[in-house]
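Peer 1: Any chance you can model this:
(one chain, ligands or ions: 1)
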Amino acid sequence: MRLSRYFMPILRDAPKEAEIVSHRLMLRAGMIRQEAAGIYAWLPLGLKVLNNICHVIREEQDRAGAIELMMPTIQLADLWRESGRYDAYGKEMLRIKDRHDREMLYGPTNEEMITEIFRSSVRSYKDLPKNLYHIQWKFRDEVRPRFGVMRSREFLMKDAYSFDLDKEAARTSYNRMFTAYLRTFARLGLKAIPMAADTGPIGGDLSHEFIILAKTGESAVFCHEDYLSFDTPGLDVDFDDAAGLQAIVDKWTSLYAATEEMHDEAKFAETPEASRLSARGIEVGHIFYFGTKYSEPMGAKVTGPDGKDVPVHMGSYGIGPSRLAAAIIEAGHDDAGIIWPDTVAPFKVGLVNLKPGDSNCDAACEDLYAKLKGQGIDVLYDDTDDRAGAKFATMDLIGLPWRLVVGPKGLANGVVELKRRGPGAPEQLSVDAALNALT
Ligand SMILES: Nc1ncnc2c1ncn2[C@@H]1O[C@H](COS(=O)(=O)NC(=O)[C@@H](N)CS)[C@@H](O)[C@H]1O
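Peer 2: Residues are numbered from 1 along each chain as shown. I've put the predicted structure just below:
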């Protein structure tokens, strides 16, 4: 993409209302723009990051056997009356009426709707287990949206829902998602720790939040620091091996870890003092087992092997892709700006022409741009006539993994400059060596 043709409204200074670093940097990098309290437009650079995050989430959900569909954002109030949550949900629910005065709502979550979809067609235990998911916008009328997209009112969520014949089978579905979450957050360059959590309005009696440690995290968390050095499950994990999955979950819940709601000082004291970690955390995922809480009142049942009808056992599994865009910045930035993991970066290379209009520089940049694109590498080519300092500052701010600089002096010596984002000095390389380093 040529920067002269792109749309990336960089801000020199962050608006004063931006309290945390990810909010400041996302505004300054032209990733998002607030349209109303807690409601954001995702500008091109931000949308590329969001799509990259969703790509990783999708791959790991599919690997774990979940099947993607897409449910609407607008739901009928009557559906929520079936589960009894319509009134219970409270002020966070955005309630609306259509032209026929029908009571509707902007979905804050989809347990009722997915249960309705399931019950409309699944009748036999032979069709189980099932895990259906979508990645869809949600609305929760947070009383105090803040920290940019970290706690917004309209936000993107991956929400998956599992259906099983009984609690034991549902536990395996839960463990599949638990394992998929460990892999997902590791691929996003994050150290996420599963913590026993409160189940809140979703319900149930088994729940874990996946927390990443960050100075600006909203919640206080307490855990054994060994979690930070645990290896996450590899590509060889067998999602059909119930015992193996349980062993992974047992390992990842073997040491103390709790959010402030669940924290037990006495229990924490059993952890050797040198290993006790108290920190701030950001909840990037939350999974629940809630049995027949929705299937019972909504009549989602299957005929079991004994010929008797039983309500299915369910769980739901959420990840916040839009929150993750901010959380990844909280976990990876420096004074110059964002440092994206390669899996999430909006472009892999920032190509900087120090002297647009100079025939050698233009020719070298066009050649590099064409060759990198030809190798499927996403390049942002700064072909503008901004000053060199401003160009470098922009590339650091938006956090691309590589910066490739072409200038007249370097070319005269047969070299271009290649730098990895983060600490470390730039290298002077031949064009071919630079291409090899990037492909
Ligand atoms: N206001 C918000 N802004 C941004 N992300 C949010 C917000 N509220 C929740 N999330 C994200 O959405 C994830 C799931 O939300 S949740 O309430 O915990 N879980 C559910 O809604 C269940 N239905 C899971 S399918 C959270 O872990 C968080 O990452």
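Peer 1: all strands for the stretch 251-400 of the chain, in order.
Peer 2: 257-259, 276-291, 301-303, 309-311, 313-319, 333-334, 337-338, 349-353, 379-382 (DSSP state E, counting those that start in this stretch).
Peer 1: what's next to the fifth one, contact-wise?
Peer 2: I take that to be strand 313-319. The contact list for strand 313-319 (C-beta atoms under 8 Å, 6 or more residues apart in numbering) reads 57, 109, 111, 115, 133, 157-167, 169-170, 173-174, 177, 181, 184, 202, 204, 210, 284-295, 300. Every C-beta, even on glycine, is put in place using the N, C-alpha and C of the backbone.
Peer 1: swap the cut-off to 6 Å and go again
Peer 2: The contact list for strand 313-319 (C-beta atoms under 6 Å, 6 or more residues apart in numbering) reads 57, 111, 157-164, 166-167, 170, 173-174, 177, 285-289, 291, 295.
Peer 1: With the first one instead?
Peer 2: Residues from elsewhere that reach strand 257-259 (C-beta under 6 Å, 6+ apart): 193, 195, 196, 197, 209, 219, 221, 222, 223.
Peer 1: Just give me how far that strand sits from the chain centre.
Peer 2: Chain-centre distance of strand 257-259: 20 Å, with C-alpha atoms, centre = their mean, to the nearest Å.
Peer 1: Can you tell me which residue is spatially central in the chain?
Peer 2: By C-alpha atoms, centre = their mean, the chain has its centre lying nearest to residue 321, at 3.1 Å.
Peer 1: Does stretch 150-160 reach the ligand?
Peer 2: Yes. Under the criterion of C-beta under 6 Å from any ligand atom, the ligand is reached by stretch 150-160 at 151, 152, 155, 157, 159.
Peer 1: how about the residues of the stretch 301-439 of the chain near the ligand?
Peer 2: Taking C-beta under 6 Å from any ligand atom as the criterion, the neighbours of the ligand within the stretch 301-439 of the chain are 316, 317, 318, 320, 322, 323.
Peer 1: ok, 8 Å please
Peer 2: Contact residues (C-beta under 8 Å from any ligand atom) of the stretch 301-439 of the chain with the ligand: 316, 317, 318, 319, 320, 322, 323, 324.
Peer 1: Thought residue 56 was touching the residue nearest to the centre of the chain, still the case?
Peer 2: No. In this structure, residue 321 is not within contact of residue 56 by C-beta atoms under 6 Å, at 9.3 Å.
Peer 1: How far does stretch 187-197 stretch from one end to the other?
Peer 2: Chord length of stretch 187-197, first to last residue, is 23 Å (C-alpha to C-alpha, to the nearest Å).
Peer 1: Ok, stretch 230-247 next?
Peer 2: 14 Å.
Peer 1: likewise stretch 74-88?
Peer 2: Stretch 74-88: ends 18 Å apart by C-alpha to C-alpha.
Peer 1: same thing with stretch 393-404?
Peer 2: End-to-end distance for stretch 393-404: 13 Å, by C-alpha to C-alpha.
Peer 1: quick one on the thing from earlier: can you tell me which of the residues of the stretch 301-439 of the chain next to the ligand is nearest residue 354?
Peer 2: residue 324 (34.8 Å; C-beta to C-beta).
Peer 1: close enough to count as contact, that closest one and residue 53?
Peer 2: Yes. Counting by C-beta under 6 Å, residue 53 is a contact partner of residue 324 at 5.2 Å.
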